[in-house]
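Build me a model:
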Amino acid sequence: MKLSILIPVYNERTVVERSLAQVLAAPLPENIERELIIVDDCSNDGTYAILQRLAEHHPEIRLYRHSVNQGKGAAVRSAIQYAEGDFCLIQDADLEYDPQEYPALLKPLLDGRADAVFGSRYLSGEQRRVLLFWHSMINQFLTLASNIFSNLNLTDMETCYKVFRTDLLKSIPIRSNRFGFEPEIVMKCAKRKFRIYEVPISYHGRTYEEGKKIGWRDGLKALGVILRFWLIDDLYATPYGRGVLNNLSGTPQYLSWLASLIRPYLGDSVLELNAGIGNLAGRLMARRLHYVAADHDALNLHALRNRFLRTPNVTVARLHPDRPEDFARVSGRFDTVLCLNVLEYVEDPLATVKAAAALLAPGGRLVTLAPQSPALYGSLDRAMSHRRRFRQGELWALCEGAGLRVEQTRHLNKAGTIPWWFNSRILGAQRLSKLTLKLFDKTVWFWRRVEAVLPLPGLSLITVAQRTGAGPLPAADPRRAAVERA
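Model (predicted):
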């Protein structure tokens, strides 16, 4: 395994060589290699020449340089993209933090308990230099503010020592160029529901005369960063598909409505395809003997494992709905297979439906949720990577082509049809507005009561189909089950 040590540097010629010597000599757990990703943020005091000399003598060092000074956050952002290790640790180039504490910081990650570990200067570490009262008070106030808006109970949000699983850190977009990096990464870790641990560390802080750079203005900016990323969900470097899942987690009334429509068709054993981050699984898995939440996206699988870590009746499985061979690895037969917002993404919907139907026990049900009406297909569908929207007859043909008997079809979200058409076909919108979703969610209580009388097609269709026999499923007629591509 490898640890990537990310080191932003700016005008530290008096201490940088001693600091890097400590980093290079720091103990690491057994079988852990190190690489130092150093980003010089356009130092103008001779620091870069020192770094070049050190890089020539130490192959562990990979040195990069900004052409203009941008700030710590920008330097860390640059370092992240070059990291090749399993874990990333952020290390300042001064002598305030002790690299001897790397093993303690890495232990929760190596034990598999944590996704991120923060070193706290305010837990009971070995030693801490006594410094300015108001500086400490501002630090603790910002930690308190961060905790209020992130719903965490950190003791030291502003700590430099933060260690992450590299795959997760690379998936987070970093927008802050200066010291706002610290509150930004904390807010995003909280919203992504990372498992965060704190460990006590020693601290040998500098005074401003000794070269400390952060000031009270940065404290005010940090407060603004906390508020900004509390309001804004900017959580994924590749945002759209995963961003929609996160936005839906903020629409509890809609999800509860959808769950109430699906729940009557659930048996004791359930497989959910493309379970995402568990928005529906968390509402449907109760009272099931076995619930398998399947997905193929690494970050979604990580979120599912975190969410259901201590839920004994839930199993998380890797399964790609576009690969029928993946279904063969799922053992057992299910009373229900949920195929919710899946068929619009896959290359061959019939193959997916047939593979899902083959996992049903006799009498088991396949429940699909899919976007309706090719006439509504537009910019929002393209931005969400939808390949198609369906007609009701096409969904029936898919189920019957897989040997299933359709029991029921229900229109869902008639109130959303006209707004979707207007935004997608007229305005050419590229994303769902979180404000629109929130307003819709607050009025779901009304729309669900009047849906039966609205003279509109639903934005989506729920189809319930049953496997009626115990024998093998019949071969599908591809002409009958053909799906018109948008």
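
could I get stretch 150-165 in PDB with only the CA atoms?
Extracted C-alpha coordinates of stretch 150-165, given in PDB (Å, rounded to 0.1, in the frame of the first residue of the first chain):
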ATOM      1  CA  SER A 150     -22.700  19.900   9.300                       C
ATOM      2  CA  ASN A 151     -24.200  18.100  12.300                       C
ATOM      3  CA  LEU A 152     -20.900  16.700  13.300                       C
ATOM      4  CA  ASN A 153     -19.200  16.800  16.700                       C
ATOM      5  CA  LEU A 154     -15.600  17.600  15.700                       C
ATOM      6  CA  THR A 155     -13.300  19.200  18.200                       C
ATOM      7  CA  ASP A 156     -10.900  20.700  15.600                       C
ATOM      8  CA  MET A 157     -12.300  21.500  12.200                       C
ATOM      9  CA  GLU A 158      -9.300  23.700  11.200                       C
ATOM     10  CA  THR A 159      -6.700  21.000  11.800                       C
ATOM     11  CA  CYS A 160      -4.100  20.500   9.000                       C
ATOM     12  CA  TYR A 161      -3.800  16.800   9.600                       C
ATOM     13  CA  LYS A 162      -6.600  15.300   7.600                       C
ATOM     14  CA  VAL A 163      -6.200  11.800   6.100                       C
ATOM     15  CA  PHE A 164      -8.600  10.300   3.400                       C
ATOM     16  CA  ARG A 165      -9.100   7.300   1.300                       C
END
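
Could you pull out the buried residues of it?
By 16 or more other CB atoms under 10 Å, the buried positions in stretch 150-165 come out as 150, 152, 154, 156-165. C-beta here means a position set from N, CA and C on the backbone, and glycine is covered the same way.

could you pull out the strands for the stretch 301-450 of the chain?
314-318, 334-340, 360-371, 405-412 (DSSP state E, counting those that start in this stretch).

deepest of those, which one?
Across these, averaging neighbours per residue (mean count of other CB atoms under 10 Å) puts strand 334-340 on top, at a mean of 24.

need the helix or strand of this structure with the lowest average pLDDT.
helix 240-248 (a mean of 57; mean pLDDT, DSSP states H and E).

before we move on, the earlier item: now, which of the buried residues of stretch 150-165 lie within strands?
Lys162, Val163, Phe164, Arg165 (DSSP state E).

How about the contacts made by the first one?
Spelled out, it's Lys162. By CB atoms under 8 Å, 6 or more residues apart in numbering, Lys162 lies in contact with Leu89, Ile90, Ala116, Val117, Phe118, Gly119, Glu182, Ile185.

remind me which residues of the stretch 301-450 of the chain are low pLDDT?
For the stretch 301-450 of the chain, no stretch is flagged by pLDDT under 70.

Now do the helices in it.
Ranges of helices within the stretch 301-450 of the chain are 324-327, 349-357, 379-383, 392-401, 417-421, 434-442, 444-450, based on DSSP state H, counting those that start in this stretch.

Which residue ranges of the stretch 151-300 of the chain form helices?
For the stretch 151-300 of the chain, the helices defined by DSSP H, counting those that start in this stretch cover 166-170, 181-191, 216-231, 240-248, 252-262, 281-284, 298-307.

just these: most buried one?
helix 181-191 comes out most buried of the helices of the stretch 151-300 of the chain by mean count of other CB under 10 Å, with a mean of 24.

quick one: that one to chain centroid distance?
13 Å (CA atoms, centre = their mean, to the nearest Å).

So what touches that helix?
For helix 181-191, contacts defined as CB under 8 Å, 6+ apart pick out 72-73, 76-77, 115-116, 142, 146, 149-152, 154, 157-159, 162, 172, 174-176, 196, 222, 225-226, 229-230, 233-235, 246.

With stretch 93-103 instead?
By CB under 8 Å, 6+ apart, stretch 93-103 touches 3, 7-10, 12, 15-16, 18-20, 22-23, 25-29, 38, 89, 91, 119, 160-161, 199, 201-206, 211.

Which helix runs longest in the protein?
helix 133-150 (DSSP state H).

So which elements touch that helix?
When contacts are defined as 3 or more CB pairs under 8 Å, 6 or more residues apart in numbering; DSSP states H and E, helix 133-150 packs onto helix 181-191, helix 216-231.
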